[in-house]
Every structure is written in C-alpha cells, then in structure tokens.
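Chemist: The following comprises the amino acid sequence and a computationally predicted model.
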Amino acid sequence: MTFAALDLARMQFAFTVGFHIVFPAFSIGLASYLAVLDGLWNLTGRSVYRDLFDYWKKIFALNFGMGVVSGLVLSYQFGTNWSVFSDKAGPVVGPLMGYEVLTAFFLEAGFLGVMLFGEGRISPKLRLFASCMVAFGTALSALWITAVNSWMQTPAGYGVNEAGQFIPLDWFAVIFNPSFPYRFVHMVLAAYLTTAFAVGGVAALHLLRGAGTPAVRTMFSMALWMAALVAPVQIFVGDEHGLNTLKYQPAKIAAMEGHFESGSGKPLILFGWPDAQTRKVDYAVEIPHLGSLILTHQWNGFLRGLDAWPREAWPPVAIPFWSFRLMVGIGFAMFGLGLWSLFARLRGALFTDRWLQRAALALGPAGFVAILAGWTTTEVGRQPYTIYGLLTTAQSASPVGAPALVASLATFVVVYLTLFGAGIYYMAKAMNRPPEPHESGDLGGGPLRASGITPAQQAGAGR
C-alpha cells in the first residue's frame, strides 16, 4: 500500500495530536479535582482529603509534563508539514495560540511548583490559592485552544488581505465564533467526566481488592457523584452542539448520521455500514423518523443528505459515522453508571455492590476513548477543509516529499510509544497502589492534626 505525501502528513498529525489530546483533557479535570480536594481539606480538616490530594498530585504532575512535551511537537508540524496553512491562517491562529502560552500556560506552570512543593513552606490557604490557579489555568488553556479549533470549524470575524491571508477584523467574533460556546463547554465537561471515571475506576480497583480505606471510599463516592450529575448535562450539551453543527456544518452531520439522500422524516440509523460508492448504509438498523425528530425537533423534519453537495466536498463517511456512535455510546454508558450509583446509594450498597464496582472499573478508561472518538468525529467530519469552506486540506500542506514524511512518521511512532508508553506505565503503576495515610496529618508537616487543629487554625498559630 502506498500513500501520498498529503495522506502521510495527515496520518502524522492525527497520530501526534491523538496522543496529545488525552493528556490536557486529563489535566483539566484532575486540576479541578485537586483544587476541590485542597479546598475540602482546608474547610473540614479531614485528613482523607489531604491523602487524596497528595495521591493524585503526583499523577497530575506526570500527566502535565507529558501534555507539555507532546504539545510542543504540534507547533513544529505547523511549520514543517502545514506551512501553507500557517501562512494563510497565521494572522488569526498565531495570536490565539500565543495568548494560550502567555496567559494559561504561564499561569499553570508558575503555580504548579507552588502547588506541588509548597507543603511545609507556605500556609495552607496560599497553597489552596495555587491549586485554584492551576485549575483556572487549565480551563483557560482549553478556552484558547478551543477558540482556535472552533474558528477553523466556523470561521467568523475575518477578512482576506492582498496576499490571500486570513486577517482578524473583529477579535471578539473570531474568539466567540458560532460554535465556540458549544465546543468549549462540551470539551470541559468531557474532561471532567474523563477524570471522574478514571478516579472512579482506580477506586473500584482497590475496593474490589478489599482495600476499602476511607480515602478509597471517598474518591469512589466523589467520582460517582460527578458521573451522576455531569453525564446528563453532557448529553444535553452534546445535543445542542449537534444542532449548532447542523446549522453551520450540515455536511458533517449528514456523514455522521449516514444520510446520503436528502428527505423528510429521516430515520435514526443505530448501526450499519455506510458505503459511499453505492450511497447507502448496508445492514442498517434504524428507527423511523427519529433522526429528523432529534435534529429538527419535528417528526417529518427535512434534512439534507450528502447528495446536496458535490462528491469532492464530502467528508469521509465511515470514520465519523462510527466514531460518533462510539462517543455517544460511551456517553450513555456513563449516564447509566451514574444512575446505577444513585440507586446503590439509596440502598446503602455503594461500597458493597461488586457489579457496580466492576462496571466502574471497566469504564475507567472510557472517557479517554470518548475524547478520541469525539475529536475524530470533529476533525474528519470537517474534511476536505482545514478552515471550513475556505481552505482545503490539500491546499494547506507543505511541499514535502513522501519519503521524508515516512521517515518522520516512523520516528514519531517509535519515540512516542517509548516515551509516553513509559509515562503511562508509571502513571498506571502509581494508580495501582491505594492512597496511603500521612504520618503527620497537616500541610505544614507538623503534628497539629493529631490534636484536632484545623489548617485555618494552624495558619493562625503560625502567625
């Protein structure tokens, strides 16, 4: 099998960004979780929150480092493999990515050291402030990066100069483009759910092993509260996001739904095999009219199929069709586990229901899979464009030969699997051990917790 240079460039970017995206997503959720744990410890003085904070902060530090390293590579690829895109879109995309570094990354990196190594050196309240700033920085980073991607999906607030470059005319319209609010909320909630199920999966593992310590029970309970509360909200936000995509990227929706022909009262195709050559979905399992009802809120609502666009403007159909179903299926599985956990709480069986714990363990990595599936749906569904409707992927590529791309892709695969494989192994190894109680019991390292003195009282005593 031979690949053109464009195909190889796309494969390389997909491979590297696929590795990268899971680390920042985990950082966003885990940073907020750490801030909550630090806040609860300061508020209640319960050592279980401190134990969980110190347990997860080590994993966060390793994950954060891998996110930074994997992200650096993407910037270089814009210059090596996608130089035409960088030239055309640089006046818009460049400043937004620069703002992410100057605001979010510097904020995260600056307070990260305080959060990780401030114990015994600063007051508990100051470290709580640092934890909150790290969490805020990760969310701010998501805002800028989502703004970049959303502008490429639904460009707004731009003009074109004499050199054919896209230039910003209204920065507010550029940042808060039509799809930005939906993508940003959807991404942040996905990060929270990913973290909740990762935490819940780790807790379930230790509960099944019989290590039902207060720390393990607490993080299992907190994770399932997040699942029960956020999963239904995410389903609602996802529906709103889909309606926005139908308005601004209808060809993507047609590919995701497997609709080759326009018509009214379109079915919801649950499963099947889309064939772009025959323009139909083979072996389709469908529910009549439900596709129109979901997307138009009308029983016989009209939906455009892929026949409304020239064949060269179609995205690849099979990939977004299946990745979308994988993402949605995982979302409803998360929702189901959240409901299950509520019933278990009512029965007082949250920590004794072994089947619930097995299900939580099985869904532990599901959030990462859902994020990758969602990213695949978004990016492949945007094809054949890098900037939707304005600049095609073929027009965006650098004049680089296939042999050079083969060599660099092979190098990336070897280095990434070795480097990040080792990092993921050590993260998994850390998760394989249950949280351990502290010998002292306070952020300052002294024996005050044993006498019942809270962090706030400790800080006052220090003054």
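Modeler: Yes, it's here.

Chemist: And the strands in the stretch 101-250 of the chain, which stretches?
Modeler: Ranges of strands in the stretch 101-250 of the chain, per DSSP state E, counting those that start in this stretch, are 158-160, 166-168.

Chemist: can you list these in TSV and add mean pLDDT, distance to A139 and mean neighbour count?
Modeler: All C-beta spots, glycine's among them, are computed from the backbone N, C-alpha and C. Shown next, in TSV, are the strands of the stretch 101-250 of the chain (pLDDT from 0 to 100; distance: least, CB to CB, whole Å; neighbours: other CB atoms under 10 Å):
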stretch	mean pLDDT	distance to A139	mean neighbour count
strand 158-160	93	26	14
strand 166-168	94	23	17
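
Chemist: Nearest approach to Y99 belongs to which of these?
Modeler: Distance to Y99, taken as CB to CB, is lowest for strand 166-168 among those, at 12.1 Å.

Chemist: now for that closest one, which elements pack on it?
Modeler: Helices and strands touching strand 166-168, by 3 or more CB pairs under 8 Å, 6 or more residues apart in numbering; DSSP states H and E, are helix 83-99, strand 158-160.

Chemist: Identify the residues contacting it?
Modeler: Strand 166-168 has contacts (CB atoms under 8 Å, 6 or more residues apart in numbering) with 88-89, 91-92, 95, 155, 157-161, 174, 387, 390.

Chemist: do you know how far the residue nearest to R46 when sequence neighbours are not counted is from L34?
Modeler: In this structure, R46 finds its nearest non-sequential neighbour in L40, 7.2 Å apart by CB to CB, 6 or more residues apart in numbering. To L34, L40 is 11 Å away according to CB to CB, to the nearest Å.

Chemist: Same check on I28?
Modeler: In this structure, I28 and L34 are 11 Å apart, going by CB to CB.

Chemist: Burial check on the residue nearest to R46, number of neighbours?
Modeler: Neighbour count for L40, taken as other CB atoms under 10 Å: 19.

Chemist: Please identify the helix or strand for it.
Modeler: Using DSSP states H and E, the element containing L40 is helix 5-44.

Chemist: Mind giving me the packing neighbours of that helix?
Modeler: Partner elements for helix 5-44 (3+ CB pairs under 8 Å, 6+ apart): helix 47-80, helix 124-153, helix 180-208, helix 366-382, helix 393-396, helix 402-431, helix 455-462.

Chemist: Between the helices and strands packed on strand 166-168, which one is closest to V134.
Modeler: Comparing those by CB to CB, helix 83-99 comes nearest, at 18.2 Å.

Chemist: what angle sits between that closest one and helix 47-80?
Modeler: 150 degrees (axes from the mean of the first three to the mean of the last three CA atoms, to 10 degrees).

Chemist: mind listing what's buried in helix 83-99?
Modeler: Across helix 83-99, burial judged by 16 or more other CB atoms under 10 Å covers 83-86, 88-93, 95-97, 99.

Chemist: Now tell me what touches it from outside.
Modeler: With CB under 8 Å, 6+ apart as the criterion, helix 83-99 contacts 75, 78-79, 144-145, 147-148, 151-152, 158, 164-168, 174-175, 386-387, 391, 395-398.

Chemist: ok, now stretch 366-373?
Modeler: So stretch 366-373 is contacted by 18, 21-22, 25-26, 190-191, 193-198, 323-324, 326-327, 330-331, 333-334 (CB under 8 Å, 6+ apart).

Chemist: hang on, the earlier thing: looking at the helices and strands packed on strand 166-168, spot the one closest to R209.
Modeler: helix 83-99 (44.0 Å).

Chemist: tell me the angle of that closest one relative to helix 124-153?
Modeler: Going by the same axes, to 10 degrees, helix 83-99 makes 150 degrees with helix 124-153.

Chemist: Dump the C-alpha coordinates for helix 83-99 into PDB.
Modeler: Provided in PDB are the C-alpha atoms of helix 83-99 (Å, rounded to 0.1, in the frame of the first residue of the first chain):
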ATOM      1  CA  SER A  83       3.300  25.700   6.100                       C
ATOM      2  CA  VAL A  84       0.700  26.900   3.600                       C
ATOM      3  CA  PHE A  85      -2.000  26.700   6.400                       C
ATOM      4  CA  SER A  86       0.400  28.600   8.700                       C
ATOM      5  CA  ASP A  87       0.900  31.300   6.200                       C
ATOM      6  CA  LYS A  88      -2.800  31.700   5.300                       C
ATOM      7  CA  ALA A  89      -4.200  31.400   8.800                       C
ATOM      8  CA  GLY A  90      -1.200  32.600  10.800                       C
ATOM      9  CA  PRO A  91      -2.600  36.100  11.500                       C
ATOM     10  CA  VAL A  92      -5.600  34.600  13.200                       C
ATOM     11  CA  VAL A  93      -4.400  31.300  14.700                       C
ATOM     12  CA  GLY A  94      -0.900  32.500  15.700                       C
ATOM     13  CA  PRO A  95      -2.100  35.200  18.200                       C
ATOM     14  CA  LEU A  96      -4.700  32.900  19.800                       C
ATOM     15  CA  MET A  97      -2.100  30.200  20.400                       C
ATOM     16  CA  GLY A  98       0.300  32.800  21.700                       C
ATOM     17  CA  TYR A  99      -2.300  34.000  24.100                       C
END
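
Chemist: how far does it sit from the chain's center?
Modeler: With CA atoms, centre = their mean, to the nearest Å as the basis, helix 83-99 stands 23 Å off its chain's centre.

Chemist: cool, stretch 237-244 as well?
Modeler: Worked out by CA atoms, centre = their mean, stretch 237-244 lies 16 Å from the chain centre.

Chemist: List of residues touching it?
Modeler: Stretch 237-244 is contacted by residues P178, S179, Y182, R183, V185, H186, L189, I253, I294, L295, V328, G331 when judged by CB under 8 Å, 6+ apart.

Chemist: For the first one, which non-adjacent residue is spatially closest?
Modeler: Beyond its immediate neighbours in the sequence, the residue positioned closest to P178 (CB to CB, 6+ apart) is T154, lying 4.5 Å away.

Chemist: and if you look at F60?
Modeler: Nearest non-adjacent residue to F60, counting by CB to CB, 6+ apart: L30, 4.7 Å away.

Chemist: List the contacts of S323.
Modeler: Residues counted as contacts of S323 (CB under 8 Å, 6+ apart) are A373, G374, T376, T377, V380.

Chemist: Can you give me the buried ones in stretch 55-62?
Modeler: Y55, W56, K57, I59, F60, A61, L62.

Chemist: From those, pick the one nearest A284.
Modeler: Proximity of the buried residues of stretch 55-62 to A284 (CB to CB) peaks at I59, which lies at 43.1 Å.

Chemist: Hmm, that closest one is touching L30, no?
Modeler: Yes. Applying CB atoms under 8 Å as the test, I59 and L30 come out as touching, 7.2 Å apart.

Chemist: Number of residues surrounding G157?
Modeler: By other CB under 10 Å, neighbour count at G157 equals 17.
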